[in-house]
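K.L.:
just a sequence and a predicted model for now, questions to come.
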Amino acid sequence: MILLAPHITEFLQKRLPFERGASVNTCESYAYAFQLLLEFASQRLKTRPSQLYLEQIDAPMILSFLDYLEKIRHNGANSRNTRLAAVKSFMRFVEYRVPSALEQVRQILALPLKRTESRLVSHLTQQEMQAILDAPNPSDWFGIRDRAMLHVCFAGALRASELVGLCIGDLNMQPYASVLVHGKGRRQRCLPLWKETASALKAWLAVRGTVSIPEVFINARGEAMTRSGFQYILRKHATIASKSCPSVSQRRISPHVLRHTSALTVLQATKDLRKVSLWLGHASMQTTEMYTRIDSSVKLEALESIVAPKLRSGRFKATDKLIASLNTAHFTHRRKATGG
């Protein structure tokens with residue numbers, strides 16, 4: 001029997017960050033997936049996570065874990081597939097280190113991903129987005145910071161990790177304001193900022209104070225803002241915005257919803273999917289195409305450029321005996337009423 005812990009430690013601490021060059025977000029996502037798996041397996045097998053053996057993490061165990069994610073934790077298909085992808089990546093690592101586990105690895109790698117529905121992404125209307133941007137009160141330190149965070153997040157269509165990861169060195173305020181964004185998959189993109197966004201950012205930098213960390217946005221303790229911290233701030237201001245714009249309360253607000261809203265704004269303004277893809281930092285245009293399914297103006301342009309088929313004209317003629325008899329009775333009734 002082979003202890004599981006040393007192999008998972010080697011995978012998370014060396015294989016992912018150094019050999020594969022995975023990002024911090026990917027490493028954290030994989031680590032969380034194994035935290036869930038080990039907690040599930042230890043409860044199922046009545047043993048401590050550190051005492052689990054590799055042979056115990058077989059295909060039936062993984063299937064039970066995936067079923068647990070969906071039925072007990074109520075995770076969606078996408079989350080389920082993400083956890084399974086982490087397990088498969090680990091198993092591909094194991095097959096070169098433990099030849100005796102090849103059959104076990106083969107069975108796990110054969111587990112299929114679950115098909116997901118291709119739904120329209122959530123987004124906000126212009127009025128709803130403006131209400132959220134106006135929610136912070138720029139009369140104090142927190143309000144100035146929150147206003148700048150919301151404006152930068154929306155203007156740059158940033159992921160939460162990209163927003164909190166912005167550093168002072170990534171800002172360029174001359175000759176025009178722009179930010180260097182370190183995106184997913186180690187892809188960088190330079191984005192210009194609206195004058196309003198630049199003004200909000202300059203106001204924050206003026207009151208940010210001198211701190212030892214390079215991150216642009218910090219919390220009350222002078223530490224770097226976290227993703228969960230920004231999500232809390234966003235939800236707080238969404239609640240405030242719902243007072244002036246009630247429809248906001250019916251939305252599920254998240255940093256990614258702001259990203260989707262920004263993407264649609266760029267698409268509607270430019271009608272150019274390639275520019276939207278560059279703005280979002282997508283690796284493939286295929287990922288960006290989902291926004292064309294939301295924007296009805298793109299479809300309207302296509303509709304207006306097509307010559308519509310002609311509609312054949314004509315009067316309705318009764319062919320059914322019942323309808324014909326009713327028409328005859330109606331005509332007879334009118335003749336009697338007019339004395340004709």
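P.N.:
Happy to help now that I have it.

K.L.:
so where's the stretch 201-340 of the chain uncertain?
P.N.:
295-308, 314-340 (pLDDT under 70).

K.L.:
same deal with the stretch 51-200 of the chain?
P.N.:
Counting by pLDDT under 70, the stretch 51-200 of the chain has low-confidence residues at 118.

K.L.:
for it, which segments count as strands?
P.N.:
For the stretch 51-200 of the chain, the strands defined by DSSP state E, counting those that start in this stretch cover 171-172, 178-182, 188-192.

K.L.:
tell me the domain ranges of the protein?
P.N.:
5-109, 126-300 (automatic domain parsing).

K.L.:
dump those domains to a markdown table, plus distance to residue 311.
P.N.:
For the C-beta atoms, the positions are set from N, CA and C on the backbone; glycine is no exception. Formatted as a markdown table, the domains of the chain follow (distance: least, C-beta to C-beta, whole Å):
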| stretch | distance to residue 311 |
| --- | --- |
| domain 5-109 | 43 |
| domain 126-300 | 20 |
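
K.L.:
which of the ones you listed sits closest to residue 313?
P.N.:
Comparing the domains of the chain by their distance to residue 313 (C-beta to C-beta), the top pick is domain 126-300, with 26.2 Å.

K.L.:
helix or strand: which one has the residue nearest to the spatial centre of the chain?
P.N.:
Nearest to the geometric centre of the chain sits residue 256, at 4.6 Å (C-alpha atoms, centre = their mean). Under the criterion of DSSP states H and E, residue 256 resides in helix 255-270.

K.L.:
other SSEs contacting that helix?
P.N.:
Other helices and strands packing on helix 255-270, by 3 or more C-beta pairs under 8 Å, 6 or more residues apart in numbering; DSSP states H and E, are helix 126-133, helix 141-155, helix 160-164, helix 227-244, helix 273-280.

K.L.:
7 Å instead?
P.N.:
Secondary-structure packing of helix 255-270 (3 or more C-beta pairs under 7 Å, 6 or more residues apart in numbering; DSSP states H and E): helix 141-155, helix 227-244, helix 273-280.

K.L.:
buried ones in it, by neighbour count?
P.N.:
Going by neighbour count (16 or more other C-beta atoms under 10 Å), the buried part of helix 255-270 is 255, 257-268.

K.L.:
could you do stretch 243-257 as well?
P.N.:
Buried residues in stretch 243-257 (16+ other C-beta under 10 Å): 245, 248, 251, 253, 255, 257.

K.L.:
do the same with stretch 5-19
P.N.:
For stretch 5-19, a neighbour-count test (16+ other C-beta under 10 Å) marks 7-8, 11-12, 15-16 as buried.

K.L.:
let's see which of those end up in helices.
P.N.:
7-8 (DSSP state H).

K.L.:
I'd like the buried residues of stretch 5-19 as CSV, with distance to residue 1 and pLDDT appended.
P.N.:
Formatted as CSV, those follow (distance: C-beta to C-beta, whole Å; pLDDT from 0 to 100):
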residue, distance to residue 1, pLDDT
7, 13, 96
8, 15, 96
11, 19, 96
12, 21, 95
15, 22, 94
16, 25, 93
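
K.L.:
would CSV of the buried residues of stretch 5-19 with distance to residue 177 be doable?
P.N.:
Output for those, formatted as CSV (distance: C-beta to C-beta, whole Å):
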residue, distance to residue 177
7, 48
8, 44
11, 42
12, 39
15, 40
16, 35
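
K.L.:
ok, of the buried residues of stretch 5-19, which one's closest to residue 71?
P.N.:
Top of the list for closeness to residue 71, among the buried residues of stretch 5-19 and by C-beta to C-beta, is residue 8 at 25.1 Å.

K.L.:
next up, the contacts around that closest one.
P.N.:
The contact partners of residue 8, by C-beta atoms under 7 Å, 6 or more residues apart in numbering, come to 34, 90.

K.L.:
that one and residue 138: what is the separation?
P.N.:
Plainly put, residue 8 is 47 Å away from residue 138 if you go by C-beta to C-beta, to the nearest Å.
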